[in-house]
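Q: Build me a model from this:
(one chain, ligands or ions: 3)
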Amino acid sequence: MKPENILEIKNLKVKFPVTGGLFLRKIAEVKAVDGVSLELKKGETLGLVGESGCGKSTIGKATINILRFSSPDVDITGEVWLRTEEGEIDLLKLSRNEMRKHRGLIQMIFQDPYSSLNARMSVGQIIEEPLLYHTKMKKKERGERVAWLLEKVGLQPEQSKRYPHEFSGGQRQRIGIARALSTNPKIIIADEPVSALDVSIQAQVINLLQELQSEFDLTLMFIAHDLSVVEHISSRISVMYLGNIVELGPGTRIYHHPIHPYSKALLSAVPLPNPKLKNKERTILKGDVPTPMNKPSGCGFRTRCPIAKPECANFIPVLEIKEPEHLAACPYVTA
Ligand SMILES: Nc1ncnc2c1ncn2[C@@H]1O[C@H](COP(=O)(O)OP(=O)(O)OP(=O)(O)O)[C@@H](O)[C@H]1O
Ligand code: SF4
Ligand SMILES: [Mg+2]
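A: Numbering: from 1, shown residues only. Ligands and ions are numbered 1, 2, ... in the order given. Have a look, this model is predicted:
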């Protein structure tokens, strides 16, 4: 691993079988993630954006290695290297038991605070649960840590006896954050943590995550649909389309000067027009996203690309350096 990195994802591929017919045989497969390599530098926030179904959550779940256990038929290849005090470890090679030892170092916050918290458990139990699995803390110590975590996320320790339904969406997401923080992780993968919340609450939750990031020295992967959500907080942004990264670069660069035709279109879709992007540069995407099951041959974006050429059916574009730190997967664009 590079010395500045805490996590390196190498050529990750995730395929889900599609079954059908009388005997539920495999009839096709969904290439949800189709050869993704990503690095997380220690302390940074990496934004991961793309439309629904492009594979963002699958990358998150494969990275924390829960996919293998939640979807036993899934086919996962590639490497996910994590830097730990005991050295560099490829998480994908670990057994369930070995994974338990390291799982506390890398946690995930989920999109929907209404369904991701167990409704039958009290808030205290929800936050305490990872401590039971991943630490050797005694009951009293766990109780103290739960109270401390509730305060850290802006809730009161007395609220630990209450149940999730007694809280608002924003408060529930704070509970999810406290749970993710409980094991003292080094990395948090926040999977659209604010998209289910009222716009007025979104900023509060994002600010909280940023405060906690500096206090706990966290590295964040922040997943979102929309570039405007990640722009303010991401040092780097990667843009995904149908299982592949199509552009990767510094956050401000991707937001103000995207070069891949898909990133340009995604930015045009931002509801408040970005005044820095001139009208002539605006691209509106036509057609629906093909599903990962019937991905076009060659460049996966060619059926919607405004500058597609016949040759684009013949090769799969790879990420190329277009300027320092700025990569795009299209041979026809320049920075
Ligand atoms: N357990 C599963 N079994 C079968 N297919 C799946 C499974 N999980 C995800 N997929 C498929 O993999 C593709 C990627 O899904 P994923 O949830 O990673 O997308 P996403 O980018 O997170 O979308 P969204 O923005 O809607 O959350 C989709 O086509 C989805 O239907
Ligand atoms: S390779 Fe072709 S289809 Fe793909 S983004 Fe570039 S121009 Fe568009
Ligand atoms: Mg998702």
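Q: Quick check, pLDDT for Val123.
A: Note on Val123: pLDDT of 96.
Q: ok, Lys10 touching Glu79?
A: Yes: here Lys10 reaches Glu79: they are 4.2 Å apart, a contact under CB atoms under 8 Å. Heads up, the C-betas are built off the backbone N, CA and C, glycines and all.
Q: where does this structure come near ligand 1, residue by residue?
A: 16, 30, 32, 50, 52-58, 71, 225, 291-292 (CB under 6 Å from any ligand atom).
Q: Now, of these, which are buried?
A: The neighbour-count test (16 or more other CB atoms under 10 Å) marks 16, 30, 32, 50, 53-58, 225, 292 as buried among the residues of the chain next to ligand 1.
Q: Pick out the most distant pair among those residues.
A: Phe16 and His225 (21.0 Å; CB to CB).
Q: What backbone torsions are found at Leu220?
A: The phi/psi pair for Leu220 (degrees, to the nearest 10) reads phi -120, psi 140.
Q: Kindly apply the preceding question to Phe16 instead.
A: According to degrees, to the nearest 10, Phe16 has phi -100, psi 130.
Q: For it, which non-adjacent residue is closest in space?
A: Once flanking residues are discounted, Phe16 sits nearest to Val30: 4.5 Å by CB to CB, 6 or more residues apart in numbering.
Q: And that neighbour, how close does it get to Ser71?
A: 11 Å (CB to CB, to the nearest Å).
Q: now Val246
A: According to CB to CB, Val246 and Ser71 sit 26 Å apart.
Q: contacting residues for Pro331?
A: 317, 320 (CB atoms under 8 Å, 6 or more residues apart in numbering).
Q: Endpoints of stretch 131-143, how far apart?
A: 10 Å (CA to CA, to the nearest Å).
Q: Which of the residues of the chain next to ligand 1 fall in strands?
A: The members of the residues of the chain next to ligand 1 that map onto strands under DSSP state E are 16, 30, 32.
Q: Of those residues, which is the nearest to His260?
A: The closest of those, once distances to His260 are taken by CB to CB, is Ala32, at 20.4 Å.
Q: Pipe the buried ones among the residues of the chain next to ligand 1 into CSV and attach distance to Tyr255 per row.
A: Converted to CSV, those look like this (distance: CB to CB, whole Å):
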residue, distance to Tyr255
Phe16, 32
Val30, 30
Ala32, 26
Gly50, 15
Gly53, 23
Cys54, 18
Gly55, 21
Lys56, 18
Ser57, 22
Thr58, 25
His225, 15
Pro292, 26
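Q: Same list (those residues) but as TSV, adding pLDDT and distance to ligand 2.
A: Shown next, in TSV, are these (pLDDT from 0 to 100; distance: CB to the nearest ligand atom, whole Å):
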residue	pLDDT	distance to ligand 2
Phe16	94	25
Val30	93	21
Ala32	96	20
Gly50	93	14
Gly53	92	19
Cys54	94	15
Gly55	96	17
Lys56	96	19
Ser57	96	24
Thr58	97	22
His225	88	20
Pro292	79	16
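Q: Please list the members of the residues you listed that lie in helices.
A: 56-58 (DSSP state H).
Q: any idea how far ligand 1 is from Ile245?
A: Counting by CB to the nearest ligand atom, to the nearest Å, the gap from Ile245 to ligand 1 is 12 Å.
Q: no, scratch that, I was asking about Ser115
A: 13 Å.
Q: Now for that residue, how many residues are close by?
A: By other CB atoms under 10 Å, 12 other residues sit near Ser115.
Q: quick one: secondary structure of it?
A: Secondary structure state of Ser115, per DSSP: H, G, I helix; E, B strand; the rest coil, is coil.
Q: Go ahead and confirm Asp75 touches Val30.
A: No: counting by CB under 8 Å, Asp75 sits too far from Val30 to count as a contact (10.3 Å).
Q: between those two, what contacts are shared?
A: 15-16.
Q: Which residue is it, in the stretch 101-250 of the chain, that comes closest to ligand 2?
A: Val246 (7.2 Å; CB to the nearest ligand atom).
Q: The strand or helix carrying that residue - contacts with which helices or strands?
A: Val246 is located in strand 244-250, with elements delineated by DSSP states H and E. The helices and strands touching strand 244-250, judged by 3 or more CB pairs under 8 Å, 6 or more residues apart in numbering; DSSP states H and E, are strand 25-41, strand 236-241, helix 261-268, strand 326-328.
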